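[1] show me how the following folds:
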Amino acid sequence: MSTRTNTVSALFVTAMLVAPGSLAANLYRYTNSQGVTVVDYQVPVEYVSKGYEILNTEGMVVRVVPRELTEEEKKVRNAQQELEAAASAEEQRLRDWDESLLLRYSTVADIEAAQERALRDLRIRLSILKSNKRSLKQQVENYQAQAADLERSGREVDVARISAIEDIQAEMESTDRSIADRAKEIEDVSAAYQRDIERFGMLLEVVELRQTLLARQQAEREAETADPRR
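    Numbers count the residues shown, from 1 in each chain. Next comes the predicted model:
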């Protein structure tokens, strides 16, 4: 038996003898600043952060309290936890996506048809907005022509006419923003459906591969049954 083992055993026995009235209490094993393993009924405050073991009355380890991590180790741990959380979230997102696709569609053609319906509605809205803009532009041009005629005739352009032009121009600016929003929406919806199509294609490949493997296994089992010598 080594000297270190003898020391630990002696310390354990000593701890048991020192506090005979506390036999039901747990013991704590830690390493002090001299590198010596100590068994006692408490861990000094200065050693708690270095970690310790909790022993039962029979000297068996019932719990290990690890040392406190350094700041650098905490950063590494936190970064790892963030990576694991992100990976788990992405895995769940893909799982939800796959389930949604398989519930809604049977073929790629189904997705393409849904895409066309969604885009048709958006294109209709965009067409209406553009038509409204043309109408507003014509109104402004009419008011501006009237104002020009008044100025050429030496008369002052009335405030109501000027105000009407300003209101219509403001409405045109709002319509322009709506047109840009609808155009962006069409682009986003088209891209989203395209991603669905690509993902669904991948799912079909997996399904077909599984079906092929199952069919092969079934054929092998049937062959074994038909030929007992195999």
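[2] tell me the mean pLDDT for stretch 135-149?
    Stretch 135-149 carries an average pLDDT of 93.
[3] and residue 193, what is it in contact with?
    Counting by Cβ atoms under 8 Å, 6 or more residues apart in numbering, residue 193 touches 111, 112, 114, 115, 118. For glycine as for every other residue, the C-beta is placed from the backbone atoms N, C-alpha and C.
[4] list only buried entries from those.
    Among those, those buried by neighbour count (16 or more other Cβ atoms under 10 Å) are 111, 115, 118.
[5] torsion angles phi and psi at residue 31?
    phi -110, psi 130 (degrees, to the nearest 10).
[6] bridging residues for it?
    Beta-bridge pairing of residue 31 under DSSP bridges involves residue 37.
[7] show me which of the contacts of residue 193 is closest to residue 137.
    Closest to residue 137 out of those is residue 118 (29.1 Å), distances taken as Cβ to Cβ.
[8] could you report the pLDDT at the closest one?
    In this model, residue 118 carries a pLDDT of 94.
[9] and residue 25, by the same measure?
    pLDDT, read off for residue 25, is 75.
[10] from residue 30, how far out is the nearest residue to it once chain neighbours are set aside?
    With Cβ to Cβ, 6 or more residues apart in numbering as the criterion, residue 25 has its nearest non-adjacent residue at 6.0 Å, and that residue is residue 41. Going from residue 41 to residue 30 by Cβ to Cβ, to the nearest Å gives 12 Å.
[11] who's more crowded, these two?
    residue 30 (20 against 13; other Cβ atoms under 10 Å).
[12] distance of the more buried one relative to residue 65?
    In terms of Cβ to Cβ, residue 30 sits 9 Å off from residue 65.
[13] same check, this time on residue 180
    Taking Cβ to Cβ, one finds residue 180 at 61 Å from residue 65.
[14] more neighbours, the two?
    residue 65 (15 against 11).
[15] okay but the more buried one is in contact with residue 53, surely?
    Yes - assessed by Cβ atoms under 8 Å, residue 65 is found in contact with residue 53 at 7.3 Å.
[16] assumed residue 59 was part of a helix.
    No - judged by DSSP: H, G, I helix; E, B strand; the rest coil, residue 59 forms no part of a helix; its state is coil.
[17] right, and it touches residue 26 too?
    No - assessed by Cβ under 8 Å, residue 59 is found out of contact with residue 26, at 10.7 Å.
[18] wait, a strand at residue 34?
    No - applying three-state DSSP, one finds residue 34 to be coil, outside a strand.
[19] and it, its phi and psi?
    According to degrees, to the nearest 10, residue 34 has phi -90, psi 0.
[20] pLDDT score assigned to it?
    Note on residue 34: pLDDT of 93.
[21] next one: it from residue 47, what distance?
    Distance from residue 34 to residue 47, by Cβ to Cβ: 11 Å.
[22] next one: residue 126
    Relative to residue 47, and taking Cβ to Cβ, residue 126 is found at 72 Å.
[23] do residue 213 as well
    58 Å.
[24] with residue 53 instead?
    Distance of residue 53 to residue 47, computed by Cβ to Cβ: 12 Å.
[25] tell me, what's touching the two both at once?
    residue 30.
[26] per-residue pLDDT of residue 207, please?
    70.
[27] same check on residue 229?
    60.
[28] likewise for residue 159?
    For residue 159, the predicted pLDDT is 90.
[29] repeat for the one 5 residues further on
    The model reports residue 164 with a pLDDT of 91.
[30] I'd guessed it sits against residue 143; true?
    Yes - counting by Cβ under 8 Å, residue 164 touches residue 143, with 5.7 Å between them.
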